[in-house]
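Participant: Build me a model:
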Amino acid sequence: MRRVVLCVVATTMMVCVASASAAAPANDNFADAEALAGPAGTLSGTTIDATSEPEEPCDFDVWGCGASVWYTWQTAATTTTQVSFDTCVNSYDTTLQVFTGNSLATLQIVTEDDGGCFRGSRVDFAAAPGTTYSIRVGGYGTSAGTFGLQHPSGNTPPPPTIDTLIGSVEALGLPSKLEGGLLKKLNVAQTKLEIGKVVAACKRLAAFIDQVERQRGKKIMDADANALIDEARAVRESVGC
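Facilitator: The predicted structure follows:
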């Protein structure tokens with residue numbers, strides 16, 4: 001939650017009081033992206049009170065990083081298919097970007113648009129089966145508002161596994177000693193699962209989360225730490241911790 005500073009001019013001095021603003025949207029951060037699954041349709045969304053994160057890709061690297069929200073999507077088709085997303089229904093000047101990648105630091109742009117339908121945006125691209133795409137809805141400059149995100153039908157992405165978590169760690173390019181320690185915990189957890197020792201595996205996953213938390217803001221960026229911890233918690237849930 002952001003805080004707004006309210007300043008009141010008294011007779012001889014200015015008094016500033018911090019006041020809590022409205023909560024940001026639930027999918028404000030990359031790690032909390034909302035999954036778009038099921039039939040094609042239009043989803044209502046908002047960037048009002050949204051923020052931008054460190055390392056977040058800016059709109060076209062020109063207009064600055066303003067308010068944005070995130071979605072994930074995976075095609076339901078079994079072959080590469082041309083798809084489109086748009087924010088043609090909106091209350092402000094939107095921008096729309098599509099990426100691949102497991103964290104903010106590893107995102108690769110697929111396509112982007114501003115103004116494909118007047119103040120709205122429209123993107124078209126060839127979606128590969130099994131690939132999870134991250135969709136960022138932002139605004140021109142500092143503009144924010146409400147929008148309708150039109151999306152094609154999509155699969156519910158499979159739950160993360162220890163293997164996908166290992167890939168997420170390796171993609172960050174962490175210092176070798178830190179990466180080695182994290183991967184060791186995950187490899188031990190995998191081994192324990194394979195021989196049916198779920199409790200022991202859960203303990204190693206908990207130790208992984210603790211180590212990431214200790215390195216938050218030090219050797220691991222906050223956004224990357226959030227993504228790793230969220231993924232590890234999802235793995236713990238999927239294996240029955």
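Participant: Could you give me the buried positions within stretch 96-106?
Facilitator: 96, 97, 98, 99, 101, 102, 103, 104, 105, 106 (16 or more other Cβ atoms under 10 Å). (Glycine included, C-beta is placed from N, CA and C.)
Participant: pLDDT value on the fifth one, please?
Facilitator: When you say that, I think you mean residue 101. Here the pLDDT value assigned to residue 101 is 89.
Participant: my guess is it contacts residue 110, does it?
Facilitator: No: in this structure, residue 101 is not within contact of residue 110 by Cβ atoms under 8 Å, at 9.8 Å.
Participant: mind listing what residue 115 touches?
Facilitator: Applying Cβ atoms under 8 Å, 6 or more residues apart in numbering to residue 115 gives the contacts 93, 121.
Participant: So the closest residue to residue 79 other than its chain neighbours, which state does it fall into?
Facilitator: Nearest non-adjacent residue to residue 79, counting by Cβ to Cβ, 6 or more residues apart in numbering: residue 129, 6.5 Å away. Here residue 129 is coil, with the state taken from DSSP: H, G, I helix; E, B strand; the rest coil.
Participant: Please list all residues in contact with residue 129.
Facilitator: Contacts for residue 129 (Cβ under 8 Å, 6+ apart) come out as 75, 77, 78, 79, 80.
Participant: Buried ones from the residues you listed, can you make that a ChimeraX selection?
Facilitator: To isolate the buried subset of those in ChimeraX, counting by 16+ other Cβ under 10 Å, use the following:
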select :75,77
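Participant: Save the contacts of residue 129 as CSV, and put in distance to residue 116 too.
Facilitator: Listed next are the contacts of residue 129 as CSV, based on distance: Cβ to Cβ, whole Å:
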residue, distance to residue 116
75, 20
77, 23
78, 28
79, 25
80, 22
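Participant: And the contacts of residue 129, which is closest to residue 56?
Facilitator: residue 75 (24.6 Å; Cβ to Cβ).
Participant: Look up phi and psi at the closest one.
Facilitator: When read as degrees, to the nearest 10, the backbone of residue 75 gives phi -60, psi 150.
Participant: From residue 144, how far off is it?
Facilitator: Between residue 75 and residue 144 the distance is 29 Å, computed by Cβ to Cβ, to the nearest Å.
Participant: Can you get me a residue count around residue 92?
Facilitator: Applying other Cβ atoms under 10 Å, we find 18 residues neighbouring residue 92.
Participant: so it touches residue 143, yeah?
Facilitator: Yes: counting by Cβ under 8 Å, residue 92 does reach residue 143; the two are 4.8 Å apart.
Participant: Show me how the chain divides into domains.
Facilitator: Domain segmentation of the chain under automatic domain parsing yields 30-151, 162-239.
Participant: how about those in TSV, adding distance to residue 24?
Facilitator: Output for the domains of the chain, formatted as TSV (distance: least, Cβ to Cβ, whole Å):
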stretch	distance to residue 24
domain 30-151	5
domain 162-239	14
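Participant: Look up how far residue 205 lies from the residue lying closest to residue 78 once chain neighbours are set aside.
Facilitator: For residue 78, ignoring the flanking residues on the chain, the nearest one in space by Cβ to Cβ, 6+ apart is residue 129 at 5.5 Å. Residue 129 sits 29 Å away from residue 205, taking Cβ to Cβ as the criterion.
Participant: Next: residue 197.
Facilitator: 12 Å.
Participant: more neighbours, those two?
Facilitator: Per other Cβ under 10 Å, whichever of residue 197 and residue 205 has more neighbours is residue 205, with 25 against 14.
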